[in-house]
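Colleague: Sequence isn't available, so here's the structure alone:
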């Protein structure tokens, strides 16, 4: 099974017919299946598309941007002259139209008769776009801008599926990149759990292009559903293993036992999607940039290196591993390696050996396979969701056993802070609030506090500082620290509200604490989107004592709403929260909150009490804090621009070939 070539899982039947554009552009009947020298020509609807037959100034039109980094952009195994003759025989020639300076200002269709017809747009077939700009004298001038065919591979993408920050990132960043002119596809499972949430996939239609995947000792068939929304191709991989109650990873009984199988299917399907899906009339083709998110998508760069590039496919593609949480690595027993359908010689890329102290018994050899480790080895570049976290994962404390490997690849490791959806999280328009406010008019925030106190049954006291916590109830989030600090904190004149679910021990503790401190503490077990918005708006202070936090979004939401964060100085929290200094800038002050370290009760209580005292006794300083928080730019527009720089760097180096 390991030796099976990928040609065995091309579409088992032709994809739906494309518009008449296919025939008008000179498609020829498809007669051959295989990854050979002519694989640059992609199959669409049973037709063979001439993808790289034109080379304009080193840029291959229709076949990606191969010429930008030294490639010729012409067909492999055929000369440019032969390509031109073939196009003339099919009744089509693409030619550039240039201005006096030699800049390309358009493309012409040249039929055999010599009659010329201008193509107004080639945005969907070229990986390099052309934009017009005006110079000082007002004359229009063509300006070249690098664009990419980007494929996100992710286990979740909001609003279709979401359990945390991963879903937010993969639901928002693709839209921001598409707005920059890139062609963007998101590949994620089509989760159906028999609830009202299934309607989120209602607009996605079956593209009737199933593929067969060789893995787990057999051939698995998956299909694709597609929705085009906000400039992005949302592609959902469909298979019975994604149809079950629970969340993307498990149910009330714990993680699903076949997650390795489910996400192996996702990775194989994501590698095939750019080659076989005619989205908008054109496949994405081989010159793609894969953004693989966490271990669930980690097999993608391994597949590119082991099962595609040896056959000349995806040799110009690149992959970037985005690490959202290094604690989860997709580790399974070594015997499961054969399930991946990878060549035997690639075992070393995924090989993982647990240290002696972590083994279950004396005869345990500790041998395992680690999907995330394989991605770290084979991806062309590595990214984390904050600069602070990109450093932390190279340390023994934060690297979870991968710190030495990550340190060895530090030259291609970067961090970019996540953005937030400023449309959904906007205190001046938030549909979940009864009163709105902005940085220019903060008066509505007091009313939001009163509304929150009414809703959760706390005494209505606008002058009383309210501290909030929103997040999972687990060890990572520092709930144990809150637990031991509450008795002392409740001696102060404050109110505390918590929203979250997770460890049943912490859930029960929240209920008991609410009973003990009826006028000061409220605990909401579970998660509720409207309530999370109202807590964010109604609190004065947001507490985040996380042990580690790759990026953190709640502190960004809080700052957007003028709620001051008090956070442990780790990862993205340290990057985004600047400790308040009232004496800076001639007494005007600077900073957006408080960070504390080390992670102990005394340190956290000290920071909280300083924040509470500032809120109560120094109103002008507090308003300055609120405004500075609300004016910070943590939009996806800003993050997308930083991602584009990483994309360009990825294509400067040759791809990983093993």
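Modeller: Yep, that arrived. No experiment lies behind these values; they were computed from the predicted model shown.
Colleague: Going by C-alpha atoms from here, please, whenever you check contacts or count neighbours.
Modeller: OK.
Colleague: Go through the longest strand anywhere in the chain and flag the buried ones.
Modeller: Scanning the chain for the strand with the most residues, using DSSP state E, yields strand 218-229. Of the residues in strand 218-229, those scored as buried under the neighbour-count criterion (16 or more other C-alpha atoms under 10 Å) are 221-227.
Colleague: what's the offset of that strand from the middle of its chain?
Modeller: Distance, stretch centre to chain centre, for strand 218-229: 20 Å (C-alpha atoms, centre = their mean, to the nearest Å).
Colleague: Then stretch 471-480?
Modeller: Going by C-alpha atoms, centre = their mean, the spacing between the C-alpha centre of stretch 471-480 and its chain's C-alpha centre is 23 Å.
Colleague: Contacts for it next, please.
Modeller: 499-503, 506-507, 544-548 (C-alpha atoms under 8 Å, 6 or more residues apart in numbering).
Colleague: tell me the mean pLDDT over that stretch?
Modeller: The average pLDDT within stretch 471-480 is 93.
Colleague: So for that stretch, what gets flagged as buried?
Modeller: When neighbours are counted by 16+ other C-alpha under 10 Å, the buried residues of stretch 471-480 are found to be 471-474, 477-479.
Colleague: Is it possible to get JSON lines of these that adds secondary structure and distance to residue 154?
Modeller: Putting these into JSON lines (DSSP: H, G, I helix; E, B strand; the rest coil; distance: C-alpha to C-alpha, whole Å) gives the following:
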{"residue": "471", "secondary structure": "coil", "distance to residue 154": "22"}
{"residue": "472", "secondary structure": "coil", "distance to residue 154": "21"}
{"residue": "473", "secondary structure": "strand", "distance to residue 154": "24"}
{"residue": "474", "secondary structure": "coil", "distance to residue 154": "24"}
{"residue": "477", "secondary structure": "helix", "distance to residue 154": "23"}
{"residue": "478", "secondary structure": "coil", "distance to residue 154": "27"}
{"residue": "479", "secondary structure": "helix", "distance to residue 154": "28"}
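Colleague: which residues sit in contact with the residue nearest in space to the middle of the chain?
Modeller: Most central in the chain under C-alpha atoms, centre = their mean is residue 170, positioned 3.6 Å from the mean C-alpha point. Counting by C-alpha under 8 Å, 6+ apart, residue 170 makes contact with 152, 154, 156-158, 186.
Colleague: go on, residue 317?
Modeller: For residue 317, the contacting residues are 286-290, 655, by C-alpha under 8 Å, 6+ apart.
Colleague: Helices along the stretch 251-400 of the chain, start to end?
Modeller: When assigned using DSSP state H, counting those that start in this stretch, the helices of the stretch 251-400 of the chain occupy the ranges 259-276, 299-303, 347-350, 371-378, 387-392.
Colleague: got those as JSON lines, with mean pLDDT and distance to residue 364 columns?
Modeller: Rendered in JSON lines, the data for the helices of the stretch 251-400 of the chain read as follows (pLDDT from 0 to 100; distance: least, C-alpha to C-alpha, whole Å):
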{"stretch": "helix 259-276", "mean pLDDT": "98", "distance to residue 364": "21"}
{"stretch": "helix 299-303", "mean pLDDT": "98", "distance to residue 364": "26"}
{"stretch": "helix 347-350", "mean pLDDT": "96", "distance to residue 364": "19"}
{"stretch": "helix 371-378", "mean pLDDT": "97", "distance to residue 364": "20"}
{"stretch": "helix 387-392", "mean pLDDT": "95", "distance to residue 364": "30"}
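Colleague: Tabulate those in TSV, adding columns for mean neighbour count and distance to residue 566.
Modeller: Listed next are the helices of the stretch 251-400 of the chain as TSV, based on neighbours: other C-alpha atoms under 10 Å; distance: least, C-alpha to C-alpha, whole Å:
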stretch	mean neighbour count	distance to residue 566
helix 259-276	23	36
helix 299-303	27	38
helix 347-350	17	39
helix 371-378	26	32
helix 387-392	23	17
